[in-house]
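Q: coordinates only, sequence not included:
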């Protein structure tokens with residue numbers, strides 16, 4: 001099977017990268033299309049680069065000449081292109097879809113839902129189009145962007161298949177009266193178990209770890225506000241987040257300058273080391289699908305305390321595989337953090353082991369690849 005994966009970048013998020021490489025390792029021919037550094041193909045995943053150096057009028061003309069050998073493909077491309085306004089938009093569109101018309105894969109997998117409509121015309125060539133539902137594009141943006149909401153209403157049900165990383169994301173779309181195709185499946189993100197170790201570094205310092213990109217949706221300011229009300233000498237380490245002026249102001253007002261550490265970037269292997277020496281992973285998000293960092297923490301046998309945002313309750317059973325607090329509720333966050341910090345060693349090991357078994361089953365890497373393959377095979 002030939003699969004084109006489109007997440008708009010040649011450096012996709014970790015879970016998309018794992019999926020692409022996993023499918024390639026199973027013997028499928030996988031192409032990754034997007035912008036970014038046009039590095040060499042890795043792990044049998046072939047790159048189709050869309051950088052500005054490639055999207056030139058000359059290269060566009062050369063691409064059209066190649067497509068002239070296939071009149072039906074060229075006619076369909078030109079028909080779609082003429083719907084767009086402006087020369088630049090038309091050149092970008094031809095540069096994006098032209099190489100795929102030459103390739104004609106079996107599956108086009110779109111990981112950026114707002115762009116789905118650009119690819120639906122490939123169905124004329126008996127190519128199946130699958131769309132993945134991701135994070136804020138489903139949980140947040142439709143609530144504030146009526147134009148995007150209308151795009152979803154007009155396009156998502158036309159996809160051959162839809163994949164979601166959590167059940168709650170499907171429910172969110174249905175709440176907006178967005179129709180989905182019959183082949184809509186929840187396939188949880190998978191992680192390679194062997195990438196983690198059960199060796200933990202224990203120390204007397206109580207350290208709360210927070211990992212994630214710099215975005216308001218992650219609720220970092222709620223996490224900072226809880227810190228002064230936690231009993232004992234407790235520090236917070238933020239990885240992947242540079243404090244804004246607002247954040248710096250909150251830290252100063254709360255007097256917690258010596259209790260917080262910010263690390264802008266860190267390799268995945270180093271994050272795993274941080275997890276093995278931390279006391280708790282805190283997920284303070286106000287909206288989530290299922291936080292991949294929580295899955296990785298549970299694999300690393302790190303206790304997770306999370307908001308009930310999005311699909312987190314699909315991952316964490318309260319007081320069984322971790323702790324859940326009400327979204328944006330600092331007092332409830334504080335109470336659950338303190339309960340987690342006061343656990344006896346025996347109870348803590350029980351929860352951590354239950355959490356490990358949960359992700360080992362629900363978020364198994366091989367299961368993810370197999371379930372995605374099954375979705376594809378149902379369509380072709």
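A: Thanks, I have the structure now. All of these numbers come straight from a predicted model, not from anything done at the bench.
Q: ok, which stretches of the stretch 251-380 of the chain are strands?
A: Along the stretch 251-380 of the chain, counting by DSSP state E, counting those that start in this stretch, strands occupy 260-263, 280-283, 303-307, 323-325.
Q: So in that sheet, which strands flank the second one, and in what orientation?
A: I take that to be strand 280-283. According to DSSP bridges, strand 280-283 forms sheet pairs with strand 206-211 (parallel), strand 303-307 (parallel).
Q: So which residues make contact with the longest one?
A: Outside strand 206-211, the residues within contact range by Cβ atoms under 8 Å, 6 or more residues apart in numbering are 218, 220, 223, 232-241, 271, 274-275, 277-284, 293, 297, 302, 337, 341. All C-beta spots, glycine's among them, are computed from the backbone N, C-alpha and C.
Q: do stretch 336-348 as well
A: Contacts of stretch 336-348 (Cβ under 8 Å, 6+ apart): 206, 208, 226, 230-232, 234, 279-280, 282, 303, 305, 323-325, 351.
Q: among those residues, which ones are buried?
A: In those, burial by neighbour count holds for 206, 208, 226, 230, 234, 279-280, 282, 303, 305, 323-325, 351, counting by 16 or more other Cβ atoms under 10 Å.
Q: Reformat the strands paired with strand 280-283 into a markdown table and put distance to residue 100 next to each item.
A: Shown next, in a markdown table, are the strands paired with strand 280-283 (distance: least, Cβ to Cβ, whole Å):
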| stretch | distance to residue 100 |
| --- | --- |
| strand 206-211 | 35 |
| strand 303-307 | 39 |
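Q: Need those strands in a markdown table (columns: distance to residue 264 and mean pLDDT).
A: Output for the strands paired with strand 280-283, formatted as a markdown table (distance: least, Cβ to Cβ, whole Å; pLDDT from 0 to 100):
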| stretch | distance to residue 264 | mean pLDDT |
| --- | --- | --- |
| strand 206-211 | 12 | 95 |
| strand 303-307 | 23 | 98 |
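Q: in the stretch 51-200 of the chain, what spans have low per-residue confidence?
A: Under the criterion pLDDT under 70, the flagged ranges of the stretch 51-200 of the chain are 51-55, 194-200.
Q: the strands in it, which residues?
A: For the stretch 51-200 of the chain, the strands defined by DSSP E, counting those that start in this stretch cover 107-110, 128-133, 161-164, 184-186.
Q: Given the last one, what are its sheet partners and their directions?
A: The one in question is strand 184-186. strand 161-164 (parallel).
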